[in-house]
Each structure stands twice: as structure tokens, then as C-alpha cells.
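>>> Provided below for reference: sequence and predicted model.
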Amino acid sequence: MAENQKEKYLEEIEDQIRTIGVLTSGGDAPGMNAAIRAVVRTALARGLKVRGIRRGFHGLLKEEIIDLSARDVSEKIQRGGTFLQTARCKSMRTEEGQQKAAAICKKYGIDGLVVIGGDGSFAGAQKLANLGVNTIGIPGTIDLDIACTDYTIGFDTAVNTAMEAIDKVRDTSTSHERCSIIEVMGRDAGYLALWCGIANGAERILMPEEHDFDEQEIIDDILKNKKRGKKNYIIINAEGIGDSINMAKRIEAATGIETRATILGHMQRGGSPTCKDRVYASIMGAMAVDLLCQGKTNRVVGYKNGEYVDFDIEEALAMKKTVSEYQYEVAKTLAL
């Protein structure tokens, strides 16, 4: 941006945004660093200052605030997790905590705040917006459970990590003619389980949305497959169903087939983000800054029907998302 253009631009936004803060909140997700980097570099290109807030809203209340330069976000895009770190913060659920957070933003001159996280993080952002802090949310969660968007930062990396791990488990499961129960993350949402179930050709998918499964039916199916000469049986189990270890014991006792439980756990949160997570997160980060510069607040960036869009936070939080019944039926058909 030429110097005279930059001066004109700064005059236009003088009464709006001069310093942007950025934080990551809740569970970490691969691609968060790409979003932070985009926020920082887009803001600096617009002639704004940027302050990073460590450890999410918890760090904001503790005033763990640093200035960020272009160099500070150099060589971060390929790293998993979030270099600003993250934490959950119960205090932000209280009126006292919210008012303190807003006062700290004003103390440090943060008149625009980008919050990268899930629904809980957006609820905190909404409270700050109501207290006069311009806020924009970016969906960052491996669970893909934010209703206003078809994409959330980290899901693509997490599902690929899980898929590769499940392929490896199937190899050893086949060698030993075992049944394997593989537990993926997803306490309240089964998107990781569903996608892995289709991608890995699993025989069964257990999700929180379909919690009334019949274990005896699974046992009968395992025995039928064994008679047909099948060398393995893969069950993808979402964290929200859980009980994988005990389930494995029950199935082994009922079938006589060696059954092992593998809980993938937090490995799904780590690792270098995929190209999709780097690119989409970068565009969302840049868009968040541009929305603030346009004078918008209390918004969430989303990706819908192939376009990057924004929603009112209250509207976004009110939306409900369910797993596609058609995708689930396809998964069951393909497992036959």
C-alpha cells in the first residue's frame, strides 16, 4: 500500500479501529497459527497495531498481552497448535469477569478483538461486544460442530490424522484377525467418526447423534462376517459414546474373537496443518481484520456453499447442526 493511500486509509478508520487484539480460546486446532499470522499481517498492512493475548480469555484477564510484529508470526504457518497458547476460562461466564476483560481491552487500547475458537469462545466474544469491544469470531475446532459454517479450522488435519492412524490399526487387526474399536474425538458431535468411518471403510460407526445403537446387533454382525471369512472388523467409536475398553471386553467375551480398543486421543489435535487448514484459516484471519476495519462487530466468519461469509454471533450461536442423515446412510450402505 502506497504511503499516501495508507494515510488516507488511516484517516477513514480513525474513529474505528487502530489496535487489534487476537487470541485463541478453548481446544487447540491445527491451523490456528495460520489464522493468527493472517490477522497480524493483514492488520499491519492496513497500518494497524496488533497485540497478541496469551492463553485465551484467561490470559486476557491476567493481562498476558504482547505486541506482535510480522517477524513474530514468521515460520508459524506450518506449526500445529497455537503459539499464543490457549486455555478455558470460567471467569468469562460471569458478569464481573466480562467487565474486567472489557476494561483490560480498553486499558491496552484494543478496540478490535479477533477470537479464534468454538461456541464457548464466541459466547465470550459476544459479551465483550455488548460491552463496547468490537469483536469478530473465527471458527477453530476439530469437531466441525459450529452450525453457521461448513468448515472449521483444524477439522481437515484432525480427520486426516485419524484416518491414517485407523489405516495402520486395520493392518495389524487383519494380521491377527481381530475386531478393533477405535475411539476418535467428538464428545458432542460425530463428524470425525462419520468421516473416518466412510474414509476407512469401517464396518460400524458409533456417534453421539446415534447413541441408541444395539450392541447385540454388532456382535451378531461380527460373527456373520467371521463366517464369511472376513479377517477384521473395524468399529469407529466417537468420544461421546466412549466406554471403548469395556465394549471391547464384552465383544470378545460374546464372540470369542480377540478384540482391542485403541483410543487415538489428543494426537488428533496435533501435527502440521494440511494445505486446506492453512489456506482457509489464512483467508478467515484476513477477513476478520477487514470486517473490523469496515466497522463491523459481534460477527463470526464462516464458510458456506463455497463462499466466505459472516454472521451475527447471536444468530450463529442459535443455529443447530446435525450430522447428515444421508451421509450416515451412505456409510452404512458401504459397510455391507
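Thanks, I have it.
>>> residues in contact with the residue nearest to the spatial centre of the chain?
The residue lying closest to the centre of the chain (Cα atoms, centre = their mean) is residue 141, at 1.0 Å. Residue 141 makes contact with 26-27, 29, 117-118, 152-155, according to Cβ atoms under 8 Å, 6 or more residues apart in numbering. For the C-beta atoms, the positions are set from N, CA and C on the backbone; glycine is no exception.
>>> at 7 Å instead, please
Residue 141 sits next to 27, 29, 118, 152, 154 when contact means Cβ atoms under 7 Å, 6 or more residues apart in numbering.
>>> quick one: which two of the residues you listed are the most distant?
27 and 152 (11.0 Å; Cβ to Cβ).
>>> So what's the residue count around residue 214?
9 (other Cβ atoms under 10 Å).
>>> what's the answer for residue 321, then?
For residue 321, the count of nearby residues is 14 (other Cβ under 10 Å).
>>> Can you give me the separation between the closest residue to it other than its chain neighbours and residue 316?
Excluding the flanking residues, the one nearest residue 321 by Cβ to Cβ, 6 or more residues apart in numbering is residue 147, at 3.6 Å. Applying Cβ to Cβ, to the nearest Å, the value for residue 147 to residue 316 is 7 Å.
>>> quick one: which of those two has more around it?
Taking other Cβ under 10 Å, residue 147 and residue 316 do not tie; residue 316 has more neighbours (23 against 16).
>>> so that one touches residue 300, yeah?
Yes. Under the criterion of Cβ atoms under 7 Å, residue 316 makes contact with residue 300 at 4.5 Å.
>>> so what's in contact with those two at the same time?
Listed as contacting both residue 316 and residue 300 by Cβ under 7 Å, 6+ apart are 122, 148.
>>> what ranges do the helices span in the stretch 101-250 of the chain?
Per DSSP state H, counting those that start in this stretch, the stretch 101-250 of the chain carries helices over the ranges 119-130, 155-175, 191-199, 215-227, 244-255.
>>> out of those helices, nearest to residue 289?
helix 119-130 (15.0 Å).
>>> Now the residue nearest to the centre of the chain. Nearest residue, chain neighbours left out?
In space, residue 141 is closest to residue 118, 4.1 Å off (Cβ to Cβ, 6+ apart).
>>> so how many other residues sit close to the one you found?
A count of nearby residues for residue 118, using other Cβ under 10 Å, gives 20.
>>> so what's it up against?
Contacts for residue 118 (Cβ under 7 Å, 6+ apart) come out as 26, 140-141, 146.
>>> measure it to residue 67 for me?
For residue 118 relative to residue 67 (Cβ to Cβ), the value is 27 Å.
>>> One more: residue 216?
For residue 216, the distance to residue 67 - Cβ to Cβ - is 61 Å.
>>> now swap in residue 137 and tell me
For residue 137, the distance to residue 67 equals 23 Å [Cβ to Cβ].
>>> Going by residue numbers, what spans are strands in the stretch 1-150 of the chain?
Using DSSP state E, counting those that start in this stretch, the strands of the stretch 1-150 of the chain run over residues 19-24, 49-53, 65-67, 112-117, 134-139.
>>> would you turn these into a markdown table with mean neighbour count?
Below are these laid out as a markdown table (neighbours: other Cβ atoms under 10 Å):
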| stretch | mean neighbour count |
| --- | --- |
| strand 19-24 | 27 |
| strand 49-53 | 23 |
| strand 65-67 | 14 |
| strand 112-117 | 31 |
| strand 134-139 | 29 |
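>>> In a markdown table: the ones you listed, plus distance to residue 92 and mean pLDDT.
Output for those, formatted as a markdown table (distance: least, Cβ to Cβ, whole Å; pLDDT from 0 to 100):
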| stretch | distance to residue 92 | mean pLDDT |
| --- | --- | --- |
| strand 19-24 | 11 | 98 |
| strand 49-53 | 12 | 98 |
| strand 65-67 | 16 | 98 |
| strand 112-117 | 11 | 98 |
| strand 134-139 | 12 | 97 |
